[in-house]
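Enquirer: Okay, structure incoming, though there's no sequence with it:
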Ligand code: SAH
Ligand code: F3S
C-alpha cells in the first residue's frame, strides 16, 4: 500500500480503541495518532494506569477516562484531534464525571493553552510526564484541571513493562531512545519530544527476550534517529565526553545484541537518518539473517541547497553515497523514504532534483507529504512559507504518481522468487488465506492450510497486485 497523502497516512496510522485484560474497576478509552512511537508510548501509559486501577475499553461511551495520544507533525494531524474532541464532548454532556485528557506532542506543543482552546479537556500531559498520570488524575478528581508538560533529559520508561495493546501476539514495538537533537528546520519533534536520550541496552534486550518467550516473533526498535543511539551509563549524548562517546554502546552493537535473542526473532528498526547511518550498521544487518533487510532512509528532498535550508545535515551526494553503501553491503535490502514537497523557496529545478533522486533510487515505498508550517520551528521563524498550496499539492501528486509506479515495479520483481514470511494474520480478503511480510517488508498472501500465526513459511510468489505478493507455500 502506498500512503499517498497526509490524510491517508493519518487514517492508516490512526489508533483504535484498545483492550487490555487488567483487573481495574475504572474504564480507560485510549486512542493514538501519529507515529509508531506514539503507539508504543500508549502501551506505557496503559501499563502505568493499569497500576492505578484502570482497564481499557473499546467503547468510549462507557469510559470513565478518555485519553488521546496526539501528533503535532502537520496541521491536519492536529485538526483531526480537535474534531475527535468534539465527538467526546457529546459523551461528556451525558456523563459529566467523564475525564478527558490530551497526551503526546500536541499536549507538549500547546501546553495549558489547550485548556483554554478546548474547554472539555481536563488534563494535558506531555511525552515525558506519563509517570505522573495517577497524581494528575487525582487532582482532576478533586475538581481541578491538571497539566504536566515537563520534558526530561533522562526519562526512557526503561523499567516499565508495556501493556501490549491491540496486538496480534507476534509483532511488537520496543522504544530504544526518546527525543531528537537534529533540529531539521521544518520539524516540531525536537520541541515536543525534547532532547535525545538512549535507553539502557540491557533493558531493551530483556524486553525483547520476554516478548520472544511470550510467543512474539518480530520486534521493531524505535527511535527518531536510531543510528544516533549511544549508551554510556545513562548520559545524554550531548553530555558525553569524546572518550565516553568512543567507548559507548552503539546502534550496530544493539542490533546484534537483540538479534542474538533468538534466530527466530526478527528485528526491524525505524528510523534511520542518512547523516548518521554508517557502514557498521549495514554490516550488522548483513551479518544476521534475522535482522530484516529493510531500511527506511528519509531523503525529504533531492536538492542540496534545499537540504541545507531543511538543516538535514547531508547533501544529495552524501545521501546517494549511503544508498550505494546499502547496495554494496546489503544488496537485497528494500529501501523506503519520506519526501516533503513545497518546502520554503522550493524552485521547479529543486523539485525536479527530488524526482531525479526517486528515479535513481527507485524506492520500494514512500511516505509523502506537502509542507505544513509548524509554529516555533526554525523555518517558521526564518523562512517564508511561500509555495502556494496548489503547487505544493500538484508537486505532491507528481511524487505520488512516480512512487506508485516504482512500488508496483518493485513488488513485481518479487515474482518467481521464494520469500521467507512470518505469518501475522488471517488475510483481510479471505478467511482461507493468511498474510505476513517478507524480510523486505512486502506483504505476502498465501493459503491458510494448517498454518498458525507466528509460524515462518517459505512462499513462492506466483501473482501480485500493486502492493502485495500472492503465492503458494513450498
Ligand atoms: N525522524 C523521524 C521523523 C518524524 S516525522 C522518524 O522517526 O520518522 C516523519 C516525517 O514527517 C518526516 O520524515 C517528514 O518527511 C515529515 N514531516 C515532518 N515535519 C513536517 C512538516 N512540517 N510538514 C510536512 N511533513 C513533515
Ligand atoms: Fe524531525 Fe529531523 Fe528529528 S525530521 S524527528 S528533527 S531527524
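Expert: That came through fine. Note that the coordinates shown come from a computational prediction; the quantities given were computed from them, not determined experimentally. Ligands and ions are numbered 1, 2, ... in the order given.
Enquirer: Next one: the residue of the stretch 351-474 of the chain found nearest ligand 2 from ligand 1, what distance?
Expert: Closest residue of the stretch 351-474 of the chain to ligand 2, Cβ to the nearest ligand atom: residue 377 (9.1 Å). For glycine as for every other residue, the C-beta is placed from the backbone atoms N, C-alpha and C. With the distance defined as Cβ to the nearest ligand atom, to the nearest Å, residue 377 ends up 7 Å from ligand 1.
Enquirer: Residue 110 too?
Expert: Counting by Cβ to the nearest ligand atom - residue 110 and ligand 1 are separated by 16 Å.
Enquirer: quick one: contacts for that residue?
Expert: Each residue near residue 110 by Cβ atoms under 8 Å, 6 or more residues apart in numbering is listed here: 117, 124.
Enquirer: Kindly report the residues of the stretch 201-350 of the chain close to ligand 1.
Expert: 224, 225, 271, 298, 300, 338, 340 (Cβ under 6 Å from any ligand atom).
Enquirer: isn't there a strand covering the last one?
Expert: Yes: the assignment for residue 340 (DSSP: H, G, I helix; E, B strand; the rest coil) places it in a strand.
Enquirer: Okay, and the beta partners of it?
Expert: Under the criterion DSSP bridges, residue 340 forms beta bridges with residue 369.
Enquirer: mind checking pLDDT for it?
Expert: For residue 340, the model assigns a pLDDT of 98.
Enquirer: do the one 3 residues further on as well
Expert: Turning to residue 343, the model gives it a pLDDT of 98.
Enquirer: Excluding chain neighbours, what is closest to it?
Expert: Using Cβ to Cβ, 6 or more residues apart in numbering and skipping the chain neighbours, the partner closest in space to residue 343 is residue 371 (4.6 Å).
Enquirer: Can you give the domain ranges for this structure?
Expert: 2-148, 171-410, 418-473 (automatic domain parsing).
Enquirer: Flag every residue of the protein that's near ligand 2.
Expert: Checking the chain against ligand 2 by Cβ under 6 Å from any ligand atom, the hits are 180, 182, 183, 184, 187, 189, 190, 224, 225, 273.
Enquirer: which residues sit in contact with the residue of the stretch 201-350 of the chain found nearest ligand 2?
Expert: Closest to ligand 2 within the stretch 201-350 of the chain is residue 224: 4.0 Å, counting by Cβ to the nearest ligand atom. Taking Cβ under 8 Å, 6+ apart, we find residue 224 in contact with 37, 177, 179, 180, 182, 189, 193, 196, 271.
Enquirer: Make JSON lines out of the residues you listed and add neighbour count, secondary structure and pLDDT.
Expert: Shown next, in JSON lines, are these (neighbours: other Cβ atoms under 10 Å; DSSP: H, G, I helix; E, B strand; the rest coil; pLDDT from 0 to 100):
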{"residue": "37", "neighbour count": "25", "secondary structure": "helix", "pLDDT": "96"}
{"residue": "177", "neighbour count": "25", "secondary structure": "strand", "pLDDT": "97"}
{"residue": "179", "neighbour count": "25", "secondary structure": "coil", "pLDDT": "96"}
{"residue": "180", "neighbour count": "22", "secondary structure": "coil", "pLDDT": "96"}
{"residue": "182", "neighbour count": "19", "secondary structure": "coil", "pLDDT": "95"}
{"residue": "189", "neighbour count": "23", "secondary structure": "helix", "pLDDT": "97"}
{"residue": "193", "neighbour count": "22", "secondary structure": "helix", "pLDDT": "97"}
{"residue": "196", "neighbour count": "22", "secondary structure": "coil", "pLDDT": "94"}
{"residue": "271", "neighbour count": "20", "secondary structure": "coil", "pLDDT": "96"}
